[in-house]
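Engineer: Fold the following.
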Amino acid sequence: MEKIKYKGIDEVVYYEKLSNGLEVYMNPSETAKNFYITISTRFGSIDTEFKFEGDKKFTKVPNGTAHFLEHQLFQEEGGHTAFEYFAKLGSSVNAYTSYDVTCYEVIASKNFKENLTILLDYVQNPVFKSQSVNTEKGIIKEEIKMYDNMPNAALEYGIEYNLNQKDNHKYLISGTEEDIKGVTPEVLNACYDAFYQPNNMFMIITGNFKPLEALGIIKNNQNSKEFPPYKKVIRKREKEPLKVAKEYETKAMDVSVPKIKIGYKLSKKNFTGYSDLLIKTYLDAILAIKFGSSSDLLERFTKDNLVTWDIYTAREIRDDYIVIYIGLESEYPDEVIELIREELNDLKITKEEINRLKKVDISNFILHFNDIITTQE
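Structural biologist: From the prediction side, this is the model:
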């Protein structure tokens with residue numbers, strides 16, 4: 001087991017890659033009251049066309065399949081669900097699907113071994129039956145309708161739809177009602193076999209637990225199971241043009257203040273020689289300095305009553321392009337959009353601003369270790 005020390009802050013992360021390929025990261029805390037366990041697979045909503053290395057043809061599945069599979073994995077034999085077992089332990093269990101990852105999580109304060117074991121067992125023992133799958137379609141349809149009426153969801157998915165022409169990020173993580181009609185037990189099995197291999201999965205454990213005990217539980221659990229030989233999966237990706245699909249759109253919804261989200265696509269060729277991690281670091285710094293809580297622009301917006309809250313920023317590094325997001329609430333959308341454009345067209349950053357940001361980032365990094373959930377992000 002590898003021990004990774006963070007210099008100057010007295011924090012340690014333990015790492016081990018098991019013989020079956022499963023990666024385990026652990027950050028223990030003696031002061032935490034709870035523990036938080038996740039197991040994740042590198043399989044998200046954008047992975048809709050794939051094949052095993054050596055195969056000639058790609059398998060294509062409906063949009064929303066990764067999310068549907070996440071829901072279905074909670075089903076157990078005999079009509080039971082994983083929720084029942086965790087409820088008996090007094091634990092909180094959940095899962096989520098993003099564009100590129102599906103994560104299963106449990107948080108509790110006792111019964112560490114039982115929680116860890118059940119989490120591994122239900123994720124690694126799928127039950128896909130026609131009746132259960134059909135029932136789940138009704139549940140997911142209601143979830144899709146719910147998101148249709150949520151302004152924040154409309155904003156998040158709307159910006160992706162307008163930014164992308166071919167990339168699967170343009171489609172809903174849940175899929176549409178029409179998409180999920182095509183989900184069958186056979187489709188779910190194909191995706192599970194491809195992406196839920198231990199070599200494509202990782203675990204993160206934080207909070208109050210003993211790393212050696214945790215690793216022992218995991219190894220015993222994995223050694224008691226038989227897994228098919230690992231097969232490398234090839235995912236089909238469309239090359240995404242830099243030109244956006246739609247430059248501007250408004251949508252009428254029930255909100256007290258208009259919500260605005262701006263997206264920019266950048267070519268990764270402009271960052272040749274820089275790793276993805278370094279690109280993220282630099283972009284985070286630029287966005288924080290120009291639009292963060294202590295930025296001149298936000299001070300101006302606040303002083304002139306142009307915004308109701310802070311400016312939200314984010315960045316995503318994708319296969320061949322980068323996306324920058326800027327979000328805020330304002331009664332004056334046209335004015336703030338124009339001022340943001342002006343700010344981006346005149347990017348000037350001083351050494352003083354960089355040094356101040358470094359101190360803030362280091363402080364935030366240290367504080368993250370006090371939150372067992374944030375530590376994993």
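Engineer: ok, Asp310 touching Leu297?
Structural biologist: No. Assessed by C-beta atoms under 8 Å, Asp310 is found out of contact with Leu297, at 11.2 Å. To be clear about C-beta, it is placed using only N, CA and C from the backbone, and glycine gets the same treatment.
Engineer: Any stretches of the chain with poor pLDDT?
Structural biologist: 374-377 (pLDDT under 70).
Engineer: Would you map the helices across it?
Structural biologist: Taking DSSP state H, the helices of the chain run over residues 65-72, 82-89, 112-123, 130-148, 151-163, 177-180, 185-195, 211-223, 276-291, 296-303, 333-345, 351-368.
Engineer: deepest of these, which one?
Structural biologist: Comparing the helices of the chain by mean neighbour count (mean count of other C-beta atoms under 10 Å), helix 65-72 ranks first with a mean of 23.
Engineer: CA-only coordinates of it in CSV, if you can.
Structural biologist: Listed next in CSV are the C-alpha coordinates belonging to helix 65-72 (Å, rounded to 0.1, in the frame of the first residue of the first chain):
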residue,chain,number,x,y,z
THR,A,65,-28.3,4.1,-20.5
ALA,A,66,-25.6,4.8,-17.9
HIS,A,67,-28.1,6.6,-15.7
PHE,A,68,-30.7,3.8,-16.1
LEU,A,69,-28.1,1.2,-15.2
GLU,A,70,-27.3,3.2,-12.0
HIS,A,71,-30.9,3.0,-11.0
GLN,A,72,-31.2,-0.7,-11.9
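Engineer: Which elements pack onto that helix?
Structural biologist: Applying 3 or more C-beta pairs under 8 Å, 6 or more residues apart in numbering; DSSP states H and E, we find helix 65-72 packed against strand 92-97, strand 102-108, helix 130-148, helix 185-195.
Engineer: Now with 6 Å, please.
Structural biologist: Using 3 or more C-beta pairs under 6 Å, 6 or more residues apart in numbering; DSSP states H and E as the contact definition, the elements that helix 65-72 packs against are strand 92-97, helix 185-195.
Engineer: what angle separates the shortest one from helix 82-89?
Structural biologist: Relative orientation of strand 92-97 and helix 82-89, computed by axes from the mean of the first three to the mean of the last three C-alpha atoms, to 10 degrees: 150 degrees.
Engineer: What pairs with strand 92-97, parallel or antiparallel?
Structural biologist: Strand 92-97 has the following strand partners under DSSP bridges: strand 102-108 (antiparallel).
Engineer: Would you reformat the helices of the chain as JSON lines and include distance to Thr59?
Structural biologist: Listed next are the helices of the chain as JSON lines, based on distance: least, C-beta to C-beta, whole Å:
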{"stretch": "helix 65-72", "distance to Thr59": "11"}
{"stretch": "helix 82-89", "distance to Thr59": "27"}
{"stretch": "helix 112-123", "distance to Thr59": "22"}
{"stretch": "helix 130-148", "distance to Thr59": "18"}
{"stretch": "helix 151-163", "distance to Thr59": "24"}
{"stretch": "helix 177-180", "distance to Thr59": "16"}
{"stretch": "helix 185-195", "distance to Thr59": "6"}
{"stretch": "helix 211-223", "distance to Thr59": "27"}
{"stretch": "helix 276-291", "distance to Thr59": "28"}
{"stretch": "helix 296-303", "distance to Thr59": "47"}
{"stretch": "helix 333-345", "distance to Thr59": "41"}
{"stretch": "helix 351-368", "distance to Thr59": "39"}
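Engineer: Can you say which of those helices is nearest to Arg315?
Structural biologist: helix 276-291 (4.4 Å; C-beta to C-beta).
Engineer: Skipping its backbone neighbours, what lies nearest the spatially most central residue of the chain in space?
Structural biologist: Residue closest to the average C-alpha location in the chain (C-alpha atoms, centre = their mean): Ser98, at 4.4 Å. Excluding the flanking residues, the one nearest Ser98 by C-beta to C-beta, 6 or more residues apart in numbering is Gly44, at 5.3 Å.
Engineer: what do you get for Val336?
Structural biologist: Ser330 (4.7 Å).
Engineer: Got phi/psi on the one you found?
Structural biologist: The phi/psi pair for Ser330 (degrees, to the nearest 10) reads phi -160, psi 150.
Engineer: Okay, it and Ile340: tell me how far apart.
Structural biologist: As judged by C-beta to C-beta, to the nearest Å, Ser330 and Ile340 stand 10 Å apart.
Engineer: Same check on His71?
Structural biologist: Taking C-beta to C-beta, one finds His71 at 38 Å from Ile340.
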